[in-house]
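Colleague: model this:
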Amino acid sequence: MARADRDGPPSVTVERPDTPVDSGRAAVLQPTTLAIAALFAFIVLVQGISAPFQKDAEPQSAQWIQSIVRDGHWLIPSDAYGYTDRKPPLFYWLSALVADATGATVDEVRARTVSVVAGTALATVVLAWTVTNVGASEGWLAFLFMLGTYGFASRATEALTDMILTFLLFAAYCTIATLVENSQSQARAAPGRPMQAGLILGLAVLAKGPIAIALCALAASIYLLIERRNPLAILRQRWPWQVVAIAVAIAAVWYVPAAILGGSKILRIIFAENFGHFMPARLGGTGESYRPFYFIAARLLGGAFPMTLLIVPAALAFYTGEISAGKRRAVIYQISMSLAVLLFFSIASVKRDDYILPALPGIAILCASVFALEVRGGASKLRDVVVAAFVFVPMFGILFILFVEFFPEHLPQLKLQSSDAAYYGIFLGLPVLMSVSLVFGFPIGLAGVGIAIFGLVRRRTIVIGFGFGLIALVLSSFWTSVMRPRLATERSVKSFIPIVAQHVKGDQLCIPSGINYELSYYYGAAVPDLSHPQCANVAAGKPVYLIATPREMDATAPAYRARLKLIAKSNLIGGGGPPALYEILPSGANGGLKSADGAAK
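Modeller: All right, here's what the predicted structure looks like:
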């Protein structure tokens, strides 16, 4: 990991975490301490790993992993419908190795293991780098803030490439920190650093594509501009070209054979994923997932909550000079990556929620720095007001839970969006599960409230930050370990598939239109739509079944609905309503919409 360019030997250890790092000194962490921190992070992040898949993204990733494990398609995996993997395969390779070593079965836990390990490694590296380059107190607070941020913790149990990209991107960016800070002298002092950075960056390209190189270059340029230095001057040095050359060579291990074997089809996919998503549709972009310019900023503010509450005090601390000069550069260096993510994806044509993940480590380090200021000024006072306001949130939550327990008949009727309404219903309907989780969560949350209040009264800034982080950790863990898995269980078709398989057996199952990766993953085979010949040929002598939601049924012609015989209905929730299983009767038959005997409700 990169160290800041300071004079003097490292002398401050983690045994004194409240001691800020002097500009001329560094702090170090013992391997045992890092191992304990990593274990703690893993325990926090692994909560909810076995929740069912829902929607399309994770089930499709799981099918690509299955393609490697079951069919040996290591170079170009394909899903159940025959569509090839659109992303570089590092995540799927590692996940396939995990699945192959643990029984050759791809389930939710095995498909998400790599993300949990990457999230654990990322939180630990954030701790180590911040302790070394900013301060011991800031390092532990940044570590706690990361784990207490729902936008980070929830993505550690997703079978997607974003977490491993973020880990590798952060590690590569930290590795080139000293090279960016002082190119000439550091390049001579650490000749192996460009090779190390290039190797990590190449793996990041294998995880998500050349976006890793673009974000690193943009972040370094933003940092140099903030420091009033010319970014183009670095291009006259040898090390940037070495880093990029090594990264490209590593990435070519997959890109070249895949392009040769896949031909023009793979080349079109690579172009669409790396350039088509960035360019607007009028300039040749894919034009999918269009959202307004401010979408990424809004998602970043929400996804980084509650850290976002501290961004304004932190920015004010830089303006007023309350943060020490010795720490400014390291913090600015990391927040430059957050600015790069915000700028790049705000300009990009395609904008998705997952794109904010690489911005979170920099925000955590920035917000941690506001609890170790040199002098008490406007930023310190604003920080205390923000923390004091946040402390009241758990108190109101406790009062609301007690109200739900003792006065359920007086619950307020709220008009919420579908997901919010579902969470609200789960919150009200799970007093037993909640009581079990709150046996552990309540004492820790109350301790966090007490610690924060004590710190505010005694003006112990590190204590204030620790209390803030502890409250955030409890709230985030409750959501990832109880609320989110329960919502997935009530939405996913996983529980309905055994009923469907019992009725369909070896006959044909169909969907109204399009592709349903969630259904096909749990059903164990691709489920075609009604335009497929196997679904259209109802009079061939074998029954044909249809699984559809009420919204999909409303879009079907009345004459066709009259041919559907209800077999089983689920009680799942979702925007389209609970899916049901129907038998498609031959044309002319009048099955109506009556239930068959023994239909499951």
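Colleague: any idea which element the closest residue to T175 other than its chain neighbours lies in?
Modeller: Closest residue to T175 apart from its sequence neighbours, by C-beta to C-beta, 6 or more residues apart in numbering: A197 at 4.1 Å. Placement of C-beta: from N, CA and C, glycine included. Element membership for A197 (DSSP states H and E) is helix 193-208.
Colleague: what does A452 give?
Modeller: A452 belongs to helix 431-458, assigned by DSSP H and E.
Colleague: Alpha carbons of the very next helix or strand once past that helix, in PDB - could you do that?
Modeller: Sequence-wise, the next helix or strand downstream of helix 431-458 (DSSP H and E) is helix 461-478. The C-alpha trace of helix 461-478 is given here as PDB (Å, rounded to 0.1, in the frame of the first residue of the first chain):
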ATOM      1  CA  THR A 461     -14.300  14.400  18.900                       C
ATOM      2  CA  ILE A 462     -13.100  10.800  18.300                       C
ATOM      3  CA  VAL A 463     -15.600   9.600  20.800                       C
ATOM      4  CA  ILE A 464     -18.300  11.500  18.900                       C
ATOM      5  CA  GLY A 465     -17.200   9.900  15.600                       C
ATOM      6  CA  PHE A 466     -17.200   6.400  17.100                       C
ATOM      7  CA  GLY A 467     -20.700   6.800  18.500                       C
ATOM      8  CA  PHE A 468     -21.900   8.100  15.100                       C
ATOM      9  CA  GLY A 469     -20.300   5.100  13.300                       C
ATOM     10  CA  LEU A 470     -21.700   2.600  15.800                       C
ATOM     11  CA  ILE A 471     -25.200   3.900  15.300                       C
ATOM     12  CA  ALA A 472     -24.800   3.700  11.600                       C
ATOM     13  CA  LEU A 473     -23.400   0.200  11.800                       C
ATOM     14  CA  VAL A 474     -26.400  -1.100  13.800                       C
ATOM     15  CA  LEU A 475     -29.000   0.500  11.400                       C
ATOM     16  CA  SER A 476     -27.200  -0.800   8.300                       C
ATOM     17  CA  SER A 477     -26.700  -4.300   9.700                       C
ATOM     18  CA  PHE A 478     -30.400  -4.500  10.700                       C
END
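Colleague: please begin residue numbering at 48 from this point
Modeller: Let's use 48 as the start, then, which means that last one is helix 508-525.
Colleague: ok, then the element right after helix 508-525?
Modeller: From helix 508-525, the next helix or strand downstream (DSSP H and E) is helix 531-538.
Colleague: What is the subsequent helix or strand relative to that following helix?
Modeller: Per DSSP H and E, the helix or strand that comes after helix 531-538 is helix 544-551.
Colleague: Quick one: mean pLDDT over that following helix.
Modeller: Here helix 544-551 scores 91 as its mean pLDDT.
Colleague: Buried residues, that helix. List them.
Modeller: Neighbour counts using 16 or more other C-beta atoms under 10 Å place 544, 546-547, 550-551 of helix 544-551 among the buried residues.
Colleague: Does whatever helix or strand comes next after it pack against any helices or strands, and if so which?
Modeller: Next helix or strand after helix 544-551 toward the C-terminus (DSSP H and E): strand 555-557. Where contact means 3 or more C-beta pairs under 8 Å, 6 or more residues apart in numbering; DSSP states H and E, strand 555-557 is packed against helix 580-583, strand 591-595.
Colleague: Ok, which of those comes nearest I211?
Modeller: I211 lies closest, by C-beta to C-beta, to one member of the helices and strands packed on strand 555-557: strand 591-595, at 33.6 Å.
Colleague: What score does the residue most central in space within the chain have for pLDDT?
Modeller: In the chain, the residue lying closest to the centroid (C-alpha atoms, centre = their mean) is R202, at 2.8 Å. pLDDT for R202: 92.
Colleague: Secondary structure of it: a helix, I assume?
Modeller: Yes. According to DSSP: H, G, I helix; E, B strand; the rest coil, R202 belongs to a helix.
Colleague: Okay, it and L407: tell me how far apart.
Modeller: R202 sits 9 Å away from L407, going by C-beta to C-beta, to the nearest Å.
Colleague: Now for the nearest residue to F192 once chain neighbours are set aside: which residues touch it?
Modeller: Among residues not flanking F192 along the chain, A411 sits closest, at 4.4 Å (C-beta to C-beta, 6+ apart). Counting by C-beta atoms under 8 Å, 6 or more residues apart in numbering, A411 touches 173, 189-190, 192-193, 196, 354.
Colleague: Likewise for E369?
Modeller: With C-beta under 8 Å, 6+ apart, E369 has these contacts: 363, 420-427.
Colleague: Quick check, S371 in contact with E421.
Modeller: Yes. The pair S371 / E421 is scored as a contact, 4.7 Å apart, by C-beta atoms under 8 Å.
Colleague: Who has more neighbours out of the two?
Modeller: Neighbours per residue (other C-beta atoms under 10 Å) separate S371 from E421, with S371 holding more: 19 against 15.
Colleague: and after the helix ranked longest in the chain, which helix or strand comes next?
Modeller: If you go by DSSP state H, the chain has its longest helix at helix 286-318. Next along the chain after helix 286-318, taking DSSP H and E as the criterion, comes helix 342-350.
Colleague: Now that following helix: buried residues?
Modeller: Residues of helix 342-350 classed as buried: 342-343, 346-348, 350 (neighbour count, 16+ other C-beta under 10 Å).
Colleague: Below-threshold pLDDT in this protein: ranges please.
Modeller: Applying pLDDT under 70 to the chain flags residues 48-74, 230-238, 316-338, 396-398, 441-489, 586-588, 635-648.
Colleague: Going by neighbour count, which of the contacts of E369 comes out on top?
Modeller: Of the contacts of E369, with other C-beta under 10 Å as the count, A426 tops at 24 neighbours.
Colleague: wait, isn't that residue in contact with A364?
Modeller: Yes. Assessed by C-beta under 8 Å, A426 is found in contact with A364 at 3.7 Å.
Colleague: Quickly list what's touching both of the two.
Modeller: Common contacts of A426 and A364 (C-beta under 8 Å, 6+ apart): 417, 420.
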